[in-house]
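> build me a model:
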Amino acid sequence: MSDVPLAAPRTAPRWRGPALALAGLAVLGLSVTVLAGHGWTQAALVVAGLAGAYTGLNAAGRALFGDAFDLMFWLCAAWLAVLVVAAVAAPVLPLGEHQDIVKTLDTPGMAVPDLSTAHPLGTNNFGLDLLARVVYGARSSLVVSLGAVVIGMVVGGAAGIAAGYFRRGADATVGVLTNSLLAVPPLILLIALGTVLEPNLRNIAVALSLLAIPGMVRMARASTMAFARREFVVAAEAMGASRWRVMTRELLPNVVLPLASYGMVMVSVLIVAEASLSFLGLGVQPPAPSWGNMIAEGQENDAFTKYPHIVLVPGVTLFLTVFAFNLIGEKARKRWDPRRANL
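Here you go, the predicted model:
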């Protein structure tokens, strides 16, 4: 029986990825220029163009950097970077009016998105620029969610490390308090706090932190128990290090990374929670912009049916932001999960 060499696996030509990406970008450009204002037809072509561009760019990236290349991760990171920079630099950006309706008396209301005009994402019923409101709404959402996560990391991390290291009475006490918070339905808790507290960013962040603390406690406790019997902790205890030093110098640096990765996932949850409160009228109050109260504007006079961009602009922004935080957070959790560490 003669030896027959195996045929090499067929690979797609290198030009196919860039060509598909260019075609997708061409369809996208056509949909936002020539077909501007055509409603659902324009939206369908935007989706088709984005899908073609993504498929082509992903194929080109894998051809250049190997199969480990993850275009979705880099797109999510780029989206969050652009969003954060725009939110921080909003006062100096050439944006339209986002809040003062007196300044928009001569601006057409409910203008449809058109990249060739001064209002590329359109306006609401008061003539306020939707692009400016999305950017300023990002400031509210990010400040509230990140502030709540920081509070949850500090309070929940400290309680979880103490419970995981001391065990016994401390663990039981922290467990009872954590389970008590988890026993209250989150939406009921937020509505109750929203009716009592003044609806400013600080109070909203404090209220939302109550949703983050139980998960942070459990994550910190599990991480502490995973590291408490490691050699470097046992060696520190054998050398006479105090419990405070062991917790702050040995355990805390190893617990911070899992907490931070879990915190990125919690940011996405809290952004949705803040938007829900604002949608119900218990969060950021109009005319100050928030993604939640921008979506709520679509309820007025059946605005969503006639002018879908009123809801789609903040809704798509909210979806992309939550999706990006979730994807990056899950990848970070897989990398820094203490249960994957070698003992």
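
> got the residue ranges for the helices in the stretch 101-250 of the chain?
Secondary structure of the stretch 101-250 of the chain (DSSP state H, counting those that start in this stretch): helices at 130-166, 168-183, 186-196, 201-227, 231-238, 243-245.

> make TSV out of those helices and add mean neighbour count, mean pLDDT and distance to Gly283.
The C-beta positions use only the backbone N, C-alpha and C, and glycine is treated the same way. As requested, the helices of the stretch 101-250 of the chain are exported to TSV (neighbours: other C-beta atoms under 10 Å; pLDDT from 0 to 100; distance: least, C-beta to C-beta, whole Å):
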stretch	mean neighbour count	mean pLDDT	distance to Gly283
helix 130-166	22	93	8
helix 168-183	13	90	20
helix 186-196	14	85	7
helix 201-227	22	91	6
helix 231-238	13	86	43
helix 243-245	11	88	39
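
> so which of the ones you listed comes closest to Pro94?
When the helices of the stretch 101-250 of the chain are compared by C-beta to C-beta, helix 130-166 sits nearest Pro94, at 9.7 Å.

> relative to helix 168-183, how tilted is the closest one?
Angle between the axes of helix 130-166 and helix 168-183 is 150 degrees (criterion: axes from the mean of the first three to the mean of the last three C-alpha atoms, to 10 degrees).

> and the angle from helix 130-166 to helix 231-238?
Using the same axes, to 10 degrees: helix 130-166 against helix 231-238 is 50 degrees.

> now the helices of the stretch 101-250 of the chain in JSON lines, with distance to Phe325?
Shown next, in JSON lines, are the helices of the stretch 101-250 of the chain (distance: least, C-beta to C-beta, whole Å):
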{"stretch": "helix 130-166", "distance to Phe325": "9"}
{"stretch": "helix 168-183", "distance to Phe325": "22"}
{"stretch": "helix 186-196", "distance to Phe325": "18"}
{"stretch": "helix 201-227", "distance to Phe325": "13"}
{"stretch": "helix 231-238", "distance to Phe325": "32"}
{"stretch": "helix 243-245", "distance to Phe325": "34"}
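
> identify whichever of those lies nearest to Val85.
helix 130-166 (10.2 Å).

> circling back to that earlier point, show me the one of the helices of the stretch 101-250 of the chain that comes nearest Leu312.
helix 130-166 (9.9 Å).

> which secondary structure elements does that closest one contact?
Counting contacts by 3 or more C-beta pairs under 8 Å, 6 or more residues apart in numbering; DSSP states H and E, helix 130-166 packs against helix 71-88, helix 168-183, helix 201-227, helix 252-279, helix 291-296, helix 309-336.

> which one of those lies nearest to Ser140?
Of the helices and strands packed on helix 130-166, nearest to Ser140 by C-beta to C-beta is helix 201-227, at 6.4 Å.

> now for that closest one, which elements pack on it?
So helix 201-227, by 3+ C-beta pairs under 8 Å, 6+ apart, packs with helix 130-166, helix 168-183, helix 186-196, helix 252-279.

> want to throw those helices into TSV with distance to Val311?
Putting those into TSV (distance: least, C-beta to C-beta, whole Å) gives the following:
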stretch	distance to Val311
helix 130-166	11
helix 168-183	32
helix 186-196	21
helix 252-279	11
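
> this completes my enquiry, with thanks.
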